[in-house]
Every structure is written in structure tokens, then in C-alpha cells.
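Undergrad: for reference, the sequence and a predicted model appear below.
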Amino acid sequence: MDLTALATVEGYTALAAGLMLGLGGIGAAIGMGLMGGKFLEGASRQPELVPMLQGKMFLLVGLIDAIPIIGVGIAMYLTFVDPFAAKVIAAAAH
């Protein structure tokens, strides 16, 4: 069995998991920051709409926060199960 191919696949899988976590977190943070800024702008222009805008903002924060949480789940799957390494081992066995 070629261990260098297996090590390469495991290394790229770890790199992909790290990129998913990092970019998902950065994207969600930027999105929440922009949305919070727009909420404050809207609240300062029309204070009577604050309760409606606040409810919608919290709903969207929950939806935006779901993206990195799903990324964590996929990254954990790739880290601990690593389906790509199983395919390399199966190909090397033939």
C-alpha cells in the first residue's frame, strides 16, 4: 500500500476542513456585521420600526449562524470518518 498517497489525501482533507471552518466563520461574521450596521441605520432613521426590524434581524442572525455550524458538522465528518482515505486504501488493496 502506498502510504504517501494516503498521507496526501489526509493532508488535503485536513486543509479542506480548516478552510471550511475559517471561511464559513469569516463570511458569517462579515454578514452579521453588515446586517447589524444596517439595522442601526434603519433604527436611527425610523425609531418606530425598531421592534419589527429587530425581530427580522434576529431571525436572519440565526439563519446566518447556521452556515458555520453546518460547516463544523461537515468538517468533523471529514476529519473523523474521512471517506476519501477509505477509497485510497480500497484502491491500493487491488
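TA: Nice, thanks for sending it over.

Undergrad: helices or strands next to the helix or strand of the chain with the lowest mean pLDDT in the packing?
TA: Within the chain, no helix or strand scores below helix 83-93, which has a mean of 83 by mean pLDDT, DSSP states H and E. Packing partners of helix 83-93 (3 or more CB pairs under 8 Å, 6 or more residues apart in numbering; DSSP states H and E): helix 3-45. In this view, the C-beta of every residue, glycine as well, is placed from N, C-alpha and C.

Undergrad: for the helix it packs on, name the packing helices and strands.
TA: helix 50-80, helix 83-93.

Undergrad: how big is the angle separating that helix from helix 83-93?
TA: 160 degrees (axes from the mean of the first three to the mean of the last three CA atoms, to 10 degrees).

Undergrad: got the angle for helix 3-45 vs helix 50-80?
TA: Angle of helix 3-45 versus helix 50-80, following the same axes, to 10 degrees, is 180 degrees.

Undergrad: average pLDDT across helix 3-45?
TA: Mean per-residue pLDDT for helix 3-45: 93.

Undergrad: show me what counts as buried in the least confident helix or strand of the chain.
TA: Ala85, Val88 (16 or more other CB atoms under 10 Å).

Undergrad: next: stretch 12-21.
TA: The neighbour-count check on stretch 12-21 (16+ other CB under 10 Å) flags Thr13, Ala17, Met20, Leu21 as buried.

Undergrad: rewinding a little: which of the helices and strands packed on helix 3-45 has the lowest mean pLDDT?
TA: helix 83-93 has the lowest average pLDDT among those, namely a mean of 83.

Undergrad: how far away from the center of its chain is it?
TA: When C-alpha coordinates are averaged (CA atoms, centre = their mean, to the nearest Å), helix 83-93 and its chain have centres 27 Å apart.
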